[in-house]
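Visitor: Need the 3D shape of this:
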Amino acid sequence: MLINDEFTLLQSLVDLTQRPDIIELGCGAAQLSRQLLEHCPGCRVTGLEVDQRQHARNLQLPRQRLQFVLAGAQAIPFEAQRFDLALMLKSLHHVPLDQMDHALSEVHRVLRPKGLMYVSEPVFAGAFNEVMRLFHDEERVRAAALRAVQQAIASGAWEAEAEIFFETPLHLRDFAEFQQRMIGVSFADHHLDAATLQAVRERFEAHMTADGAHFVRPMRVNLLRKR
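Guide: Coordinates of the predicted model:
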């Protein structure tokens, strides 16, 4: 299943009109949260981000009903049972390995009874992954994120509502855009030596066509309900 807009998938799984108080953990630029607020006038979103530079940029783009907080999922600075829905969009695998289980416990704590957690994670597979892994190999952390979700369900604290696999398209005009978007990101600060950069360039450019490089990225969504 190819999905261009993950908000469409979220809408198909969650009745957002019944989930007015939402927290996004590791919100980045909060693109999905901003989109959500456009479609759901009764919703309020709190976006947590640990990257100070991204958090500062977020504060420069204020929006009604959207609050930004500098914090991580492993230490959510809110009282228990504050939110109806928690979103983790490609962020769980960025939580330190030894704190993933605690992060999901924190999400459980701040959700109201029968609250939902939507976890969207990249699957470690595909041609684009083969380019990225030359300098940013996430096999271990992605596997750990999946284990954390599975262990959370096995603990009895959560009920599994859905598990969905899909692909998202990615188009990059050239290697310069790849460098800007994938190597020069503020939260990672990749510093590649000349040999590694050349290897990445060669593997990327093997996918170039007349209008750039086209990839699909495999994804997995787990929707969990707090027991």
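
Visitor: these two touch, right, residue 106 and residue 75?
Guide: Yes - Residue 106 lies in contact with residue 75 (C-beta atoms under 8 Å); the separation is 6.9 Å. Any C-beta I mention is one placed from the backbone N, CA and C, and that applies to glycine too.

Visitor: Neighbour count: these two, which is higher?
Guide: Using other C-beta atoms under 10 Å as the criterion, residue 106 and residue 75 rank with residue 106 on top: 21 against 12.

Visitor: Next secondary structure after the lengthiest helix in the chain?
Guide: Longest helix in the chain, counting residues (DSSP state H): helix 139-154. Counting by DSSP states H and E, the next helix or strand C-terminal to helix 139-154 is strand 158-172.

Visitor: Remind me what the very next helix or strand once past that next one packs against, helices and strands.
Guide: Downstream of strand 158-172, the first helix or strand assigned by DSSP H and E is helix 175-178. Contact partners of helix 175-178 among helices and strands, from 3 or more C-beta pairs under 8 Å, 6 or more residues apart in numbering; DSSP states H and E: helix 194-205.

Visitor: mean confidence for the helix it packs on?
Guide: Helix 194-205 comes out with an average pLDDT of 97.

Visitor: can you list contacts of it?
Guide: The contact list for helix 194-205 (C-beta atoms under 8 Å, 6 or more residues apart in numbering) reads 130-131, 134-135, 172, 175, 178, 183, 192, 213.

Visitor: which among these end up buried?
Guide: Buried positions within the contacts of helix 194-205, assessed by neighbour count (16 or more other C-beta atoms under 10 Å), are 131, 134-135, 172, 175, 178, 183, 192, 213.

Visitor: Which two of these have the greatest separation?
Guide: 192 and 213 (18.2 Å; C-beta to C-beta).

Visitor: Could you export the contacts of helix 194-205 to TSV, including columns for distance to residue 67?
Guide: Below are the contacts of helix 194-205 laid out as TSV (distance: C-beta to C-beta, whole Å):
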residue	distance to residue 67
130	39
131	36
134	38
135	35
172	33
175	38
178	33
183	31
192	36
213	37
